[in-house]
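Student: from the sequence below, what's the structure:
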Amino acid sequence: MTSSIFKSTSIAAAAAAFLATPTAAQIGNWDIIYQSLETNFQDSVVNEVTLDYLIGAGRTFNIDLFDKGCADPISGMTIIPTTALTPSTADHDQLEIMLDLDKSAITSSNIWSPAGNMLELCVRVQLLSGGSIIKEE
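Tutor: Sure, this is the predicted structure:
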(Lines give C-alpha, C1' and ligand atoms only; values in the text may rest on other atoms or scores of the structure.)
Protein backbone atom coordinates (compact mmCIF):
# COMPACT_ATOMS: atom_id res chain seq x y z
CA MET A 1 0.00 0.00 0.00
CA THR A 2 2.86 2.33 0.76
CA SER A 3 4.15 1.81 -2.77
CA SER A 4 0.93 3.04 -4.42
CA ILE A 5 0.85 6.18 -2.24
CA PHE A 6 4.44 6.91 -3.21
CA LYS A 7 3.57 6.66 -6.92
CA SER A 8 0.60 8.99 -6.56
CA THR A 9 2.75 11.52 -4.74
CA SER A 10 5.42 11.32 -7.45
CA ILE A 11 2.90 11.87 -10.23
CA ALA A 12 1.32 14.79 -8.37
CA ALA A 13 4.74 16.35 -7.76
CA ALA A 14 5.70 15.95 -11.43
CA ALA A 15 2.41 17.48 -12.57
CA ALA A 16 2.85 20.42 -10.17
CA ALA A 17 6.41 20.96 -11.42
CA PHE A 18 5.20 20.87 -15.05
CA LEU A 19 2.42 23.39 -14.39
CA ALA A 20 4.74 25.73 -12.51
CA THR A 21 7.35 25.76 -15.29
CA PRO A 22 7.02 28.77 -17.62
CA THR A 23 6.26 27.78 -21.19
CA ALA A 24 7.90 29.09 -24.31
CA ALA A 25 4.64 29.34 -26.26
CA GLN A 26 4.35 32.72 -27.91
CA ILE A 27 1.53 34.54 -29.58
CA GLY A 28 2.70 35.90 -32.89
CA ASN A 29 3.34 39.58 -33.38
CA TRP A 30 0.38 41.35 -34.99
CA ASP A 31 1.75 44.91 -34.78
CA ILE A 32 0.94 47.55 -37.38
CA ILE A 33 3.12 50.54 -36.53
CA TYR A 34 3.02 53.64 -38.74
CA GLN A 35 6.52 55.03 -39.31
CA SER A 36 6.51 57.80 -41.92
CA LEU A 37 4.99 59.48 -44.96
CA GLU A 38 6.97 61.01 -47.81
CA THR A 39 5.64 62.83 -50.86
CA ASN A 40 7.23 63.99 -54.10
CA PHE A 41 5.02 65.44 -56.85
CA GLN A 42 7.68 66.45 -59.38
CA ASP A 43 6.70 65.74 -63.01
CA SER A 44 9.18 62.91 -63.58
CA VAL A 45 8.41 61.08 -60.33
CA VAL A 46 6.29 57.95 -60.03
CA ASN A 47 5.17 56.74 -56.60
CA GLU A 48 4.42 60.24 -55.40
CA VAL A 49 3.41 59.02 -51.94
CA THR A 50 5.37 56.53 -49.83
CA LEU A 51 4.18 55.25 -46.46
CA ASP A 52 6.34 53.13 -44.17
CA TYR A 53 5.03 50.73 -41.52
CA LEU A 54 6.46 48.08 -39.26
CA ILE A 55 4.28 44.98 -39.19
CA GLY A 56 4.54 41.66 -37.39
CA ALA A 57 7.28 39.51 -38.94
CA GLY A 58 6.11 37.02 -41.53
CA ARG A 59 2.54 38.32 -41.67
CA THR A 60 0.34 38.29 -44.75
CA PHE A 61 -1.13 41.73 -45.42
CA ASN A 62 -3.70 43.52 -47.53
CA ILE A 63 -3.80 47.19 -48.57
CA ASP A 64 -6.96 49.14 -49.48
CA LEU A 65 -7.35 52.78 -50.54
CA PHE A 66 -10.36 54.98 -49.78
CA ASP A 67 -11.37 58.62 -49.62
CA LYS A 68 -10.69 60.42 -46.33
CA GLY A 69 -13.70 58.84 -44.60
CA CYS A 70 -12.22 55.34 -45.08
CA ALA A 71 -15.54 54.10 -46.50
CA ASP A 72 -15.87 55.17 -50.13
CA PRO A 73 -13.51 54.04 -52.89
CA ILE A 74 -11.34 56.61 -54.63
CA SER A 75 -13.00 57.95 -57.77
CA GLY A 76 -12.05 60.37 -60.51
CA MET A 77 -8.43 59.21 -60.76
CA THR A 78 -6.25 56.15 -60.85
CA ILE A 79 -3.87 55.24 -58.03
CA ILE A 80 -1.62 52.22 -58.43
CA PRO A 81 -0.31 50.90 -55.11
CA THR A 82 2.84 48.77 -54.91
CA THR A 83 4.44 47.32 -51.81
CA ALA A 84 7.85 46.16 -50.67
CA LEU A 85 8.34 43.98 -47.60
CA THR A 86 11.77 43.56 -46.02
CA PRO A 87 12.80 41.97 -42.72
CA SER A 88 13.64 44.59 -40.11
CA THR A 89 14.01 42.82 -36.74
CA ALA A 90 13.16 39.39 -35.35
CA ASP A 91 9.68 40.73 -34.49
CA HIS A 92 8.95 43.13 -37.38
CA ASP A 93 9.09 43.47 -41.14
CA GLN A 94 9.23 46.85 -42.85
CA LEU A 95 6.26 47.42 -45.16
CA GLU A 96 6.69 50.17 -47.73
CA ILE A 97 3.54 51.26 -49.56
CA MET A 98 4.15 53.32 -52.69
CA LEU A 99 1.29 55.12 -54.44
CA ASP A 100 1.58 56.10 -58.10
CA LEU A 101 -1.03 58.81 -58.71
CA ASP A 102 -2.34 60.17 -61.98
CA LYS A 103 -1.26 63.75 -61.26
CA SER A 104 -3.32 65.16 -64.13
CA ALA A 105 -6.56 63.90 -62.53
CA ILE A 106 -5.95 64.85 -58.89
CA THR A 107 -8.20 67.91 -58.82
CA SER A 108 -11.13 65.99 -60.35
CA SER A 109 -10.94 63.16 -57.79
CA ASN A 110 -12.86 62.66 -54.55
CA ILE A 111 -9.62 62.80 -52.54
CA TRP A 112 -8.86 66.41 -53.52
CA SER A 113 -9.87 69.09 -51.02
CA PRO A 114 -10.03 72.43 -52.85
CA ALA A 115 -10.69 74.30 -49.59
CA GLY A 116 -7.48 72.98 -48.06
CA ASN A 117 -5.63 72.70 -51.37
CA MET A 118 -4.56 69.15 -50.43
CA LEU A 119 -5.10 65.43 -50.92
CA GLU A 120 -7.05 63.54 -48.27
CA LEU A 121 -7.13 59.77 -48.49
CA CYS A 122 -7.22 56.71 -46.29
CA VAL A 123 -4.86 53.75 -46.55
CA ARG A 124 -6.06 50.67 -44.69
CA VAL A 125 -3.48 48.03 -43.76
CA GLN A 126 -4.82 44.62 -42.71
CA LEU A 127 -2.91 41.65 -41.30
CA LEU A 128 -4.41 38.32 -42.31
CA SER A 129 -4.34 34.73 -41.15
CA GLY A 130 -5.93 32.11 -43.39
CA GLY A 131 -7.96 34.79 -45.16
CA SER A 132 -9.35 36.23 -41.91
CA ILE A 133 -8.53 39.77 -40.84
CA ILE A 134 -6.70 39.64 -37.50
CA LYS A 135 -5.77 43.33 -37.21
CA GLU A 136 -6.24 46.48 -39.26
CA GLU A 137 -5.06 50.04 -39.03
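Student: pLDDT averaged over the helix or strand containing Leu127 - what is it?
Tutor: Using DSSP states H and E, the element containing Leu127 is strand 121-129. For strand 121-129, mean pLDDT is 96.
Student: give me the most central residue, the protein.
Tutor: Ile32 (4.2 Å; C-alpha atoms, centre = their mean).
Student: residue contacts, that residue?
Tutor: Counting by C-beta atoms under 8 Å, 6 or more residues apart in numbering, Ile32 makes contact with Tyr53, Leu54, Ile55, Gly56, Val125, Leu127, Lys135, Glu136, Glu137. No exception for glycine: its C-beta is placed from N, CA and C like everyone else's.
Student: take those residues and keep only those in strands.
Tutor: Of the contacts of Ile32, the ones assigned to strands by DSSP state E are Tyr53, Leu54, Ile55, Gly56, Val125, Leu127, Lys135, Glu136.
Student: give the contact list for the third one.
Tutor: Listed by C-beta under 8 Å, 6+ apart, the contact partners of Ile55 are Asp31, Ile32, Ile33, Phe61, His92, Asp93, Leu95, Val125, Leu127.
Student: got it, and the last one?
Tutor: When the contact criterion is C-beta under 8 Å, 6+ apart, the partners of Glu136 are Ile32, Arg124, Val125, Gln126, Leu127.
Student: distance check, the fourth one against Asp52.
Tutor: The gap separating Gln126 from Asp52 is 17 Å, by C-beta to C-beta, to the nearest Å.
Student: again, but for the last one
Tutor: Using C-beta to C-beta, one gets 16 Å for the distance from Leu127 to Asp52.
Student: please apply the same query to the first one.
Tutor: From Ile32 over to Asp52 the distance is 12 Å, taken as C-beta to C-beta.
Student: sort out which of the contacts of Ile32 are buried, if you could.
Tutor: Tyr53, Leu54, Ile55, Gly56, Val125, Leu127, Lys135 (16 or more other C-beta atoms under 10 Å).
Student: any chance of CSV for these, columns distance to Ser44?
Tutor: Output for these, formatted as CSV (distance: C-beta to C-beta, whole Å):
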residue, distance to Ser44
Tyr53, 27
Leu54, 30
Ile55, 31
Gly56, 36
Val125, 28
Leu127, 35
Lys135, 37
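Student: this completes my enquiry, with thanks.
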